[in-house]
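this one's sequence-less:
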């Protein structure tokens, strides 16, 4: 006299047979006569089924196996895999799903409808990812406890390694490559002769938390098209001649690097004392930037420039919401980049840029709003 109870043994494999519908929760769709439970060691999406699962809610499984010809449609829902995932069939995202993998991930023989989904490599043990040519929209590595290895070339719109140690055994193609640190230094290892072609290259270490960009043996090839924002790194055997020159901040040249400019005179906006450009204590190193300085404005405290200045380069934004407001003429002997979440407000006439002006995704080149009279207007000679 029990209803809606499942007296199931732990440690079994539950295989989708799709006999009655696309409903994950219908017992008749599974060979165990019930939908998956946390005690199941693995979930298999079989092939040759009358129906295939279309999720209507977030799901969690241990090991996931999608057979060749099998289809799993996430339908906008989150999906967590606590064990290994072997996807020889079709995994379909349709929106902004988050798919977390805590074990190894292998797409060999399969396909991936990425949509605008986020794939997270989130384990606590060593993990490997084989993309087998599948393209990702947003790929994030959050495993800070053990190394992560990408066994082949990656195609990613946006990639983030968040405090993780990662080995790339193939090349990389994508719009954004971003590496950050958490509590300690990390290492990123690149394959010999592989090409890493990106539009935006952010490698953001910190004081006493260096990001090591090292080679697996010989030179690795770096091609940055739009922006390289690099700080507190230790680099070896990087041939960056395929793209923009890279001028890292507070970084170490460990040898055999090409098209890297170490020791460039960067002035980093801190805003510790005020919003005033001309206050020496607002900068690292302390002092008002001179004509040779490259300015990095990537701090939540707004920078306000009240006097005319000449500098070599300005980068606004990249890792946080940042605003630079110029209420006097700004002259750049090089270029200006308004990066992600950056805003450059040029309020007075006479601004001159002698090189490129780049306004990247979610960047803004503008002027401050006016009230009773029109004193702010964008007047820029390039």
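Cool, the structure landed. Given the structure is predicted, the values throughout are model-derived calculations rather than measurements.

only C-alpha atoms for contact and neighbour calcs from this point on.
OK.

Output the lowest mean pLDDT helix or strand found in this structure.
strand 380-381 (a mean of 94; mean pLDDT, DSSP states H and E).

who does it pair up with?
Partners of strand 380-381 in the sheet, by DSSP bridges, are strand 351-353 (parallel).

right, and the helix or strand after the strand it pairs with?
strand 357-359 (DSSP states H and E).

and stretch 9-24, which residues are buried?
Within stretch 9-24, the residues that count as buried by 16 or more other C-alpha atoms under 10 Å are 13, 14, 15, 16, 17, 18, 19, 21, 22, 23, 24.

Residue 48 is in contact with the fourth one, correct?
No - counting by C-alpha atoms under 8 Å, residue 16 stays clear of residue 48, with 10.4 Å between them.

And for the nearest residue to residue 125 once chain neighbours are set aside, the neighbour number?
Of all residues not flanking residue 125 in the chain, residue 146 sits nearest, at 5.2 Å (C-alpha to C-alpha, 6 or more residues apart in numbering). Residue 146: 13 surrounding residues under other C-alpha atoms under 10 Å.

so what's residue 146 up against?
Listed by C-alpha atoms under 8 Å, 6 or more residues apart in numbering, the contact set of residue 146 reads 124, 125, 126, 127, 164, 165.

now the residue nearest in space to the middle of the chain: how far from residue 382?
Taking C-alpha atoms, centre = their mean, the centroid of the chain lies closest to residue 160, which sits 2.7 Å from it. Distance, residue 160 to residue 382, using C-alpha to C-alpha, to the nearest Å: 33 Å.

circling back to that earlier point, biggest separation within the buried residues of stretch 9-24, which pair?
Spatial extent of the buried residues of stretch 9-24 (C-alpha to C-alpha) is set by the pair 13 and 21 at 20.2 Å.

wait, residue 243 sits on residue 221?
No - if you go by C-alpha under 8 Å, residue 243 and residue 221 don't touch, sitting 9.8 Å apart.

Check which residues of stretch 263-276 are buried.
Buried positions in stretch 263-276, judged by neighbour count with 16+ other C-alpha under 10 Å: 264, 265, 266, 267, 268, 269, 270, 271, 275, 276.

brain fart, stretch 316-328
316, 317, 318, 319, 321, 322, 323, 324, 325, 326, 327, 328.

which one of those residues sits closest to residue 209?
For the buried residues of stretch 316-328, the nearest to residue 209 is residue 319 (16.5 Å; C-alpha to C-alpha).

ok so, going back, secondary structure of the residue nearest to residue 125: a helix, I assume?
No - under DSSP: H, G, I helix; E, B strand; the rest coil, residue 146 sits outside any helix and is assigned coil.

what pLDDT does it get?
What the model reports as pLDDT for residue 146 is 97.

For residue 15, which non-adjacent residue is spatially closest?
Nearest one to residue 15, counting by C-alpha to C-alpha, 6+ apart, is residue 44 at 4.5 Å.

wait, what's in contact with the closest residue to residue 254 other than its chain neighbours?
Spatially, and ignoring its direct neighbours in sequence, residue 254 is nearest to residue 236 (4.9 Å; C-alpha to C-alpha, 6+ apart). Contacts here follow C-alpha under 8 Å, 6+ apart; on that basis residue 236 touches 213, 214, 215, 253, 254, 255, 256, 257.

what helices or strands is the helix or strand where the second one lies leaning on?
With secondary structure defined by DSSP H and E, residue 214 is part of strand 211-215. Strand 211-215 sits against strand 186-190, strand 233-235, with contacts defined as 3 or more C-alpha pairs under 8 Å, 6 or more residues apart in numbering; DSSP states H and E.

Strand partners (parallel or antiparallel) of it?
Assessed with DSSP bridges, strand 211-215 is paired to strand 186-190 (parallel), strand 233-235 (parallel).

Return the residues in contact with residue 35.
Contacts of residue 35 by C-alpha under 8 Å, 6+ apart are 14, 24, 25, 26, 27, 29.

If we only consider those, which is nearest to residue 345?
Using C-alpha to C-alpha, residue 24 is the member of the contacts of residue 35 that lies nearest residue 345, at 52.6 Å.

Look up how far residue 144 lies from the closest one.
Distance from residue 24 to residue 144, by C-alpha to C-alpha: 33 Å.

next one: stretch 264-273 to chain centre, how far?
Stretch 264-273 has its C-alpha centroid displaced from the chain centroid by 25 Å (C-alpha atoms, centre = their mean, to the nearest Å).

residues in contact with that stretch?
247-249, 279, 281-285, 289, 292-299, 301-303.

got it, and stretch 119-126?
Under C-alpha under 8 Å, 6+ apart, the answer for stretch 119-126 is 82, 98-103, 127, 136, 138-148.
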